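Novice: One predicted model, sequence on top.
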There are 2 protein chains.
Amino acid sequence: MPEEIAAGTLSAKLNHLFGVVRPADGDEYTFDEVAESIRTQGGPTISATYLWQLRKGLRDNPTKRHLEALAGFFGVPPAYFFDDAEAERIDAELTLLSAFRDAPVRQIALRARGLSAKSLEAISDMVDRVRELEGLPEPASDAER
Amino acid sequence: MPEEIAAGTLSAKLNHLFGVVRPADGDEYTFDEVAESIRTQGGPTISATYLWQLRKGLRDNPTKRHLEALAGFFGVPPAYFFDDAEAERIDAELTLLSAFRDAPVRQIALRARGLSAKSLEAISDMVDRVRELEGLPEPASDAER
DNA sequence: CTCGCCCATTCACATCAGTTGGTGAACTCG
DNA sequence: CGAGTTCACCAACTGATGTGAATGGGCGAG
């Protein structure tokens, strides 16, 4: 039985990339080839062994420069290695962004800035009550994670 | 004279983020606060000292997990630290978003979403009145351009 | 002024990211 | 069949990343 690889891990992503981006002749890139290619294309040194460790999941948590190099080689944005883990957070971000496109909401937020904690709390309560009055559902809290 | 910081470096970006995303009372986050906050919000441990080193540019090349944590704290996608173009684009939004960075304010904004125009107006008026009560100046209108 | 606190900065050190130098299995070509 | 290559895989080590504990400056309270 092949070793389990949890989805969304760096290991899984690298594995996928190796499978998908291949040299002209059909077979997967070899660890040495990738290492060599990265080095010659001006990237940082990266050992074939280390590539193997990353793909196997023995090492996760590479540094910024190595992530850049890997992303560069496989032709994906560096975000590719983060997205899944950060998907939720980015979603939250998008929710925020869409909220502030609503002009009146934005205006309120801008003006609420700098108010005392007490006042903010009062206003927050009031918004909730009005929300209830208008029959809107509980909004997704922005806390968590 | 302040030390030169080359544009586009991690140092520069962090520096910018510190300047832009601030706690409720106007001053910048302290290194301890950031470290503490990241830790309590389930992130990896990160020392105040290390944050300082990164900001100062004495260390670049943090690991994946630390990048995730930093991005998470400042509310930017991890790509912010990689792609310069992306960083600029996000910066533009960030300025506006800075109002929402203040957790309570953000909460209000999220909950105000979807309310009727009438309710929004009422709340807006209320905010203005409280603002006046607390002796805050007229906020910069977010109108136009 | 002086005590206490908070904060940036410094430095000595520990931990873990990343490398070096292997072993053997599989595959090629005499 | 061997001798030579090439590859995944392993393990012991090196050094950069990241930490903790100490230093010193700034600032408000008493």
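Specialist: Cool, the structure landed.
Novice: Lowest average confidence across helices and strands of chain A, where is it?
Specialist: None of the helices or strands of chain A scores lower by mean pLDDT, DSSP states H and E than helix A:83-101, at a mean of 54.
Novice: is it true that A:F31 touches A:Q53?
Specialist: No. Contact between A:F31 and A:Q53 fails when scored by C-beta atoms under 8 Å: they sit 9.8 Å apart. (Glycine included, C-beta is placed from N, CA and C.)
Novice: Comparing these two, which residue is more hemmed in?
Specialist: A:F31 (19 against 16; other C-beta atoms under 10 Å in any protein chain shown).
Novice: Leaving out chain neighbours, which residue sits closest to the more buried one?
Specialist: Distances taken as C-beta to C-beta, 6 or more residues apart in numbering or on different chains put A:A48 closest to A:F31, at 3.9 Å, once the chain neighbours are dropped.
Novice: Quickly note the distance from that neighbour to B:L133.
Specialist: 67 Å (C-beta to C-beta, to the nearest Å).
Novice: If you count surrounding residues, which of these two has more?
Specialist: More crowded of A:A48 and B:L133, by other C-beta under 10 Å: A:A48, with 14 against 11.
Novice: list the contacts for the more buried one?
Specialist: A:T30, A:F31, A:D32, A:V34, A:A35 (C-beta atoms under 8 Å, 6 or more residues apart in numbering or on different chains).
Novice: Give me every residue in chain A that's in contact range of DNA strand C.
Specialist: A:44-50, A:53, A:59, A:61-63, A:65-66 (C-beta under 7 Å from any atom of the strand).
Novice: Now render those residues as JSON lines, adding secondary structure.
Specialist: As requested, the residues of chain A next to DNA strand C are exported to JSON lines (DSSP: H, G, I helix; E, B strand; the rest coil):
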{"residue": "A:P44", "secondary structure": "coil"}
{"residue": "A:T45", "secondary structure": "coil"}
{"residue": "A:I46", "secondary structure": "coil"}
{"residue": "A:S47", "secondary structure": "coil"}
{"residue": "A:A48", "secondary structure": "helix"}
{"residue": "A:T49", "secondary structure": "helix"}
{"residue": "A:Y50", "secondary structure": "helix"}
{"residue": "A:Q53", "secondary structure": "helix"}
{"residue": "A:R59", "secondary structure": "coil"}
{"residue": "A:N61", "secondary structure": "coil"}
{"residue": "A:P62", "secondary structure": "coil"}
{"residue": "A:T63", "secondary structure": "strand"}
{"residue": "A:R65", "secondary structure": "helix"}
{"residue": "A:H66", "secondary structure": "helix"}
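Novice: now those: which count as buried?
Specialist: A:I46, A:Y50, A:Q53, A:P62, A:T63, A:H66 (16 or more other C-beta atoms under 10 Å in any protein chain shown).
Novice: Quick check: the farthest pair among the residues you listed?
Specialist: A:Q53 and A:T63 (13.7 Å; C-beta to C-beta).
Novice: CSV please, covering the residues of chain A next to DNA strand C and showing pLDDT and distance to A:V20.
Specialist: Below are these laid out as CSV (pLDDT from 0 to 100; distance: C-beta to C-beta, whole Å):
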residue, pLDDT, distance to A:V20
A:P44, 92, 23
A:T45, 91, 25
A:I46, 94, 20
A:S47, 93, 23
A:A48, 93, 20
A:T49, 94, 23
A:Y50, 96, 21
A:Q53, 94, 20
A:R59, 94, 21
A:N61, 96, 23
A:P62, 97, 20
A:T63, 96, 24
A:R65, 95, 23
A:H66, 96, 20
